[in-house]
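Student: Could you work out the structure for the sequence below:
(one chain, ligands or ions: 1)
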Amino acid sequence: ATGSAAAEPIDESDQAYITPVTIGTPPQTLELDVDTGSSDLWVFSSHTPPSQIHGQQIYSPNKSSTAKLLEGHTWSITYGDGSASRGNVYIDNFTVGGLTAEKQAVQCAQQVSASFTRETHVDGLIGLGFSTLNTVSPKSQLTFFDNVKSGLDSPVFTADLKHGAAGTYDFGFVDKAKYSGEITYVPVNPDPGYWAFNSSGYAIGSGKFSASAITGIADTGTSLLYLPTAIVTAYYRQVEGATNSRTYGGYVFPCSSSLPSFTFGVADARITIPSAYINYAPITPGSSTCFGGLQSSSGVGINIFGDVALKAAFVVFNGGSPPTIGWAQK
Ligand SMILES: CNCc1cc([N+](=O)[O-])ccc1Cl
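Tutor: Predicted coordinates:
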């Protein structure tokens, strides 16, 4: 089996991407944020306090003839940006891109933090990290990918995210039409539960490539690229008027500044992020001061190749044994 689903940016800065899914019988459609940096599949639901719902679509298990409460199980998760959610669990049919998991654990929110309430376009998350990270207790549950993997033509899913346009998540196959050149695969360390890999180094603009192993995670649920401070300061030294703002929590610069591109290595391959992707967004709508798409990982604790990096490439998340991750230009 294979599947293919759209990944739509929720706003003009590609802060997050949403993918349509259907849950239950008759099918209820929601649009979820595919997040390779976590492993809970949770949704706004009929159990979410109405005061915490601000335009989101909800899943109502009591309207699904195939929904079954997973008795006595709860979940609770906090994300790197401080947002959080928690609730109870139902088992139901779950379909993404024509691919159905019959008995998917669908985690229903009974509480979401303000930053989720504010994101009116995001009806929940599909965690595609390793199932070891799932927070359901007392028995942790499998991700959608782990539930369908054995039935896929190939145990993979791919991300083809785009800047200001709809991309795709494919399941079970690698679409040759979506990339150019070769895909370079490198090992993944599944122990932390993330898609953790080593980048082989970086270059700023047309500068020389600096070979240095950078351990990071490929995280579709994080908007920006977070790398070691030394790399980030070297980058913004080349940006007229850039400052590291305590007020805005990172590097900002005049929106009119010209920015160098940024290249990272994957073994002997190179992925170049166009400068436009690093001119992330005005600090507040209409401001002439912009926030950088490349920021320091020192406050994060881990290097994160988020959407700013991922949308410059075609990425294969290979769930085989051993797991690997593949990167190609496009
Ligand atoms: C923006 N804070 C909530 C949020 C967090 C994540 N996350 O993966 O950490 C994804 C989407 C949203 Cl809307």
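Student: Pull the contacting residues for the residue in the stretch 151-300 of the chain that the ligand sits nearest to.
Tutor: Nearest residue of the stretch 151-300 of the chain to the ligand: Gly221, at 3.0 Å (Cβ to the nearest ligand atom). All C-beta spots, glycine's among them, are computed from the backbone N, C-alpha and C. Contact analysis of Gly221 by Cβ atoms under 8 Å, 6 or more residues apart in numbering lists 16, 33-38, 79, 125, 306.
Student: residues contacting the residue nearest the centre of the chain?
Tutor: The centroid of the chain falls nearest to Thr220 when counting by Cα atoms, centre = their mean (1.7 Å). Contact analysis of Thr220 by Cβ under 8 Å, 6+ apart lists 17, 34-37, 128, 159, 161, 306-307, 310.
Student: and if you look at Thr120?
Tutor: 54-56.
Student: Mind doing that once more with 6 Å?
Tutor: The contact partners of Thr120, taken as Cβ atoms under 6 Å, 6 or more residues apart in numbering, are 54-55.
Student: Just the pLDDT for it.
Tutor: Listed pLDDT for Thr120 reads 98.
Student: Please, which helix or strand holds the residue nearest to the centre of the chain?
Tutor: Thr220 is located outside every helix and strand, with elements delineated by DSSP states H and E.
Student: what does the stretch 201-330 of the chain have sitting close to the ligand?
Tutor: Near the ligand, the residues belonging to the stretch 201-330 of the chain are Gly221 when assessed by Cβ under 6 Å from any ligand atom.
Student: so where is the stretch 201-330 of the chain shaky, pLDDT-wise?
Tutor: Within the stretch 201-330 of the chain, not a single segment meets pLDDT under 70.
Student: could you pull out the strands for it?
Tutor: Under the criterion DSSP state E, counting those that start in this stretch, the stretch 201-330 of the chain contains strands at 210-218, 225-227, 243-245, 250-254, 262-266, 269-273, 279-282, 289-292, 294-296, 303-305, 314-318, 324-328.
Student: Make a markdown table from these and add mean neighbour count and distance to Ile23 to it.
Tutor: Listed next are those as a markdown table, based on neighbours: other Cβ atoms under 10 Å; distance: least, Cβ to Cβ, whole Å:
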| stretch | mean neighbour count | distance to Ile23 |
| --- | --- | --- |
| strand 210-218 | 17 | 26 |
| strand 225-227 | 27 | 32 |
| strand 243-245 | 15 | 41 |
| strand 250-254 | 20 | 36 |
| strand 262-266 | 23 | 35 |
| strand 269-273 | 19 | 35 |
| strand 279-282 | 19 | 32 |
| strand 289-292 | 22 | 35 |
| strand 294-296 | 24 | 35 |
| strand 303-305 | 25 | 29 |
| strand 314-318 | 23 | 23 |
| strand 324-328 | 23 | 28 |
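Student: Format those as TSV; extra columns: distance to Ser113.
Tutor: Shown next, in TSV, are the strands of the stretch 201-330 of the chain (distance: least, Cβ to Cβ, whole Å):
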stretch	distance to Ser113
strand 210-218	22
strand 225-227	21
strand 243-245	24
strand 250-254	21
strand 262-266	31
strand 269-273	30
strand 279-282	21
strand 289-292	21
strand 294-296	21
strand 303-305	20
strand 314-318	27
strand 324-328	30
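Student: For Ser45, find the nearest of these.
Tutor: strand 314-318 (27.3 Å; Cβ to Cβ).
Student: now for the closest one, which elements pack on it?
Tutor: On a contact count with 3 or more Cβ pairs under 6 Å, 6 or more residues apart in numbering; DSSP states H and E, strand 314-318 meets strand 156-160, strand 324-328.
Student: Let me have those in CSV, extended by distance to Tyr280.
Tutor: Formatted as CSV, the helices and strands packed on strand 314-318 follow (distance: least, Cβ to Cβ, whole Å):
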stretch, distance to Tyr280
strand 156-160, 19
strand 324-328, 21
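Student: picking that back up, okay, and which of the contacts of Gly221 map to strands?
Tutor: Counted as lying in strands by DSSP state E, out of the contacts of Gly221, are 33-35, 125.
Student: tell me, which of these make contact with the ligand?
Tutor: Near the ligand, judged by Cβ under 6 Å from any ligand atom, the entries from the ones in strands among the contacts of Gly221 are 33, 35, 125.
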